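K.L.:
A structural model of the following input is requested.
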Amino acid sequence: MNSPRILALLPFLVKGALSIAIFRALRARGVEITVAYCGDASADYEPDALEDFASTGHLLNLSGMSSVTRFDLVQELLVDRKIDLVLQVGATQLYHLLPYWKERLPALRIADILYNEIGHTLNHFLYEGCFDAVIVESDFMGDFIRRSSRRPDPPVVVVRSGVDVDDFFPAATPPSGAGLKVGYVGRMSGEKNPVGFIELARRLASLNPGLDFDMFGTGPDAAMVKERVATSGITDRLRYHGFVEHAKEALHQLDVLILPSKFDGRPVLVMEANACGIPVIAAPVGGIPELVADGVNGFLMHPTETERIHGLLSRLQEQPQALDALKTAARAHALAHFSREKMIEAYATAFAKVALI
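P.N.:
So this is what the prediction gives:
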């Protein structure tokens, strides 16, 4: 099967974004991919300059342009590069232009990539008539699209994400300190619920003096999170470390990861944590229950279930062999189920099929 020529539409460029990692991996396989983006989110996120794409002329900056200028520039690129497939990856400022590109270039194929049911899904349904496929990571999202679509048989394609289990590996030594290390790693934003983690940490700290809490990451709510930590009353046991270059730097400092998400798709952090031998306590929302086998690689619990979480953490604290066994099982689960190579192959196959190459 031949590889399509692809144009990916992104809202902005963020270091560590799953979509960018996928595009880089496909480029390494010889797939021709151009990335266009609409804005700068460096005030909230660590940017990725995509110098590897820019150096070969495969990066298009649409920031600060009018819709007419954006339309003309992209239209020219679609024609000049004989693009087969446009991937809409959350570039909300470009949804309204899709019908016009489709009208001008009837053979052009367009796919929307949706990670969760909140945010730009409204735009998806407004313009769903343009899409030849909607690519999702989980059965949860697939079911959501089918329930919500006005189309009798929406063209849903499920491609399950994975991680590099060689790049994410267990720490050579356990976390330092006497207490059980419990942590939050990820974006500081409302849907990920870092404030929920802080409140849980406060409640757990009052119940168990042997628990320590660490938070890693940045995002639009970083300043507020930092202030909440400072006023938590447990700053001797709850620390906010901010941005880390690589998630495993944070994960290697933890015994247990907590994901208190209010909503989510198929969070890569669950897979990264398991690959590092870290079990996860995660809210059973979105596609998370498809990732966490309860009692095997983690547990499904809402962050408000203080007593249940306290009981679990206390047992792991009192029975180090149980914690070690859980860590070993988490790593084994990642090796068996979260292969990055399988993910990249699945995306390559899906893009080629959608493009009808």
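K.L.:
Show me where this protein has its strands.
P.N.:
Secondary structure of the chain (DSSP state E): strands located at 6-10, 33-37, 59-61, 85-88, 109-114, 133-136, 156-158, 180-185, 211-216, 238-242, 256-259, 280-282, 298-300.
K.L.:
now the fifth one and strand 6-10, what's the angle there?
P.N.:
Counting by axes from the mean of the first three to the mean of the last three CA atoms, to 10 degrees, strand 109-114 lies at 40 degrees to strand 6-10.
K.L.:
hmm, who's touching the longest helix along the chain?
P.N.:
Identified as the longest helix of the chain according to DSSP state H is helix 320-337. Residues from elsewhere that reach helix 320-337 (CB atoms under 8 Å, 6 or more residues apart in numbering): 163, 165, 168, 170, 180, 255, 271, 273-280, 293, 296-298, 315-317. The C-beta positions use only the backbone N, C-alpha and C, and glycine is treated the same way.
K.L.:
ok, now which ones touch residue 146?
P.N.:
Contacts of residue 146 (CB under 8 Å, 6+ apart): 154, 156.
K.L.:
Please disregard the earlier target; I meant residue 312.
P.N.:
281, 299, 301.
K.L.:
Can I get the strands of the chain in CSV including distance to residue 265?
P.N.:
Listed next are those as CSV, based on distance: least, CB to CB, whole Å:
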stretch, distance to residue 265
strand 6-10, 16
strand 33-37, 21
strand 59-61, 26
strand 85-88, 16
strand 109-114, 8
strand 133-136, 8
strand 156-158, 12
strand 180-185, 17
strand 211-216, 20
strand 238-242, 24
strand 256-259, 12
strand 280-282, 13
strand 298-300, 16
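K.L.:
Save the ones you listed as TSV, and put in mean neighbour count and distance to residue 97 too.
P.N.:
TSV is the format used below for those (neighbours: other CB atoms under 10 Å; distance: least, CB to CB, whole Å):
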stretch	mean neighbour count	distance to residue 97
strand 6-10	25	9
strand 33-37	22	11
strand 59-61	17	14
strand 85-88	26	10
strand 109-114	23	11
strand 133-136	24	18
strand 156-158	18	23
strand 180-185	24	36
strand 211-216	22	37
strand 238-242	17	37
strand 256-259	26	35
strand 280-282	25	37
strand 298-300	22	40
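K.L.:
Now do the closest residue to residue 284 other than its chain neighbours against residue 282, distance only.
P.N.:
Excluding its sequence neighbours, the residue lying closest to residue 284 (CB to CB, 6 or more residues apart in numbering) is residue 300, at 4.1 Å. Separation of residue 300 from residue 282 (CB to CB, to the nearest Å): 6 Å.
K.L.:
picking that back up, can the strands of the chain go into a markdown table with extra columns for mean pLDDT and distance to residue 125?
P.N.:
Shown next, in a markdown table, are the strands of the chain (pLDDT from 0 to 100; distance: least, CB to CB, whole Å):
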| stretch | mean pLDDT | distance to residue 125 |
| --- | --- | --- |
| strand 6-10 | 98 | 17 |
| strand 33-37 | 98 | 23 |
| strand 59-61 | 97 | 27 |
| strand 85-88 | 98 | 13 |
| strand 109-114 | 97 | 10 |
| strand 133-136 | 97 | 10 |
| strand 156-158 | 97 | 13 |
| strand 180-185 | 98 | 32 |
| strand 211-216 | 98 | 35 |
| strand 238-242 | 97 | 37 |
| strand 256-259 | 98 | 27 |
| strand 280-282 | 98 | 28 |
| strand 298-300 | 98 | 29 |
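K.L.:
quick one, which of the ones you listed is nearest to residue 223?
P.N.:
strand 238-242 (10.6 Å; CB to CB).
K.L.:
Specify the angle between that closest one and strand 180-185 in degrees.
P.N.:
Going by the same axes, to 10 degrees, strand 238-242 is angled at 40 degrees with respect to strand 180-185.
K.L.:
what about the helices in this protein?
P.N.:
18-28, 51-54, 67-80, 98-104, 121-126, 139-148, 194-207, 222-230, 247-251, 268-275, 306-318, 320-337, 340-355.
K.L.:
Let me see the mean pLDDT of stretch 46-53.
P.N.:
Per-residue pLDDT over stretch 46-53 has a mean of 92.
K.L.:
How about it, which residues are buried there?
P.N.:
Using 16 or more other CB atoms under 10 Å as the test for burial, stretch 46-53 gives 46, 48, 50, 53.
K.L.:
export these to CSV and tack on distance to residue 78?
P.N.:
Compiled in CSV, the buried residues of stretch 46-53 are given as follows (distance: CB to CB, whole Å):
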residue, distance to residue 78
46, 30
48, 24
50, 19
53, 17
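K.L.:
Just the closest of those residues to residue 201, please.
P.N.:
Nearest to residue 201 among those, with distances taken as CB to CB, is residue 46, at 24.6 Å.
K.L.:
Show the pLDDT at the nearest residue to that closest one once chain neighbours are set aside.
P.N.:
Once flanking residues are discounted, residue 46 sits nearest to residue 15: 4.4 Å by CB to CB, 6+ apart. On the pLDDT scale, residue 15 is placed at 86.
K.L.:
contacting residues around residue 237?
P.N.:
By CB under 8 Å, 6+ apart, the neighbours of residue 237 are 179, 201, 205, 211-213.
K.L.:
Same check on residue 37?
P.N.:
By CB under 8 Å, 6+ apart, the residues touching residue 37 are 9-13, 59-63, 91.
K.L.:
Compute the distance between the nearest residue to residue 59 once chain neighbours are set aside and residue 37, please.
P.N.:
Leaving aside its chain neighbours, residue 59 sits nearest to residue 53 (4.2 Å; criterion: CB to CB, 6+ apart). Going from residue 53 to residue 37 by CB to CB gives 10 Å.
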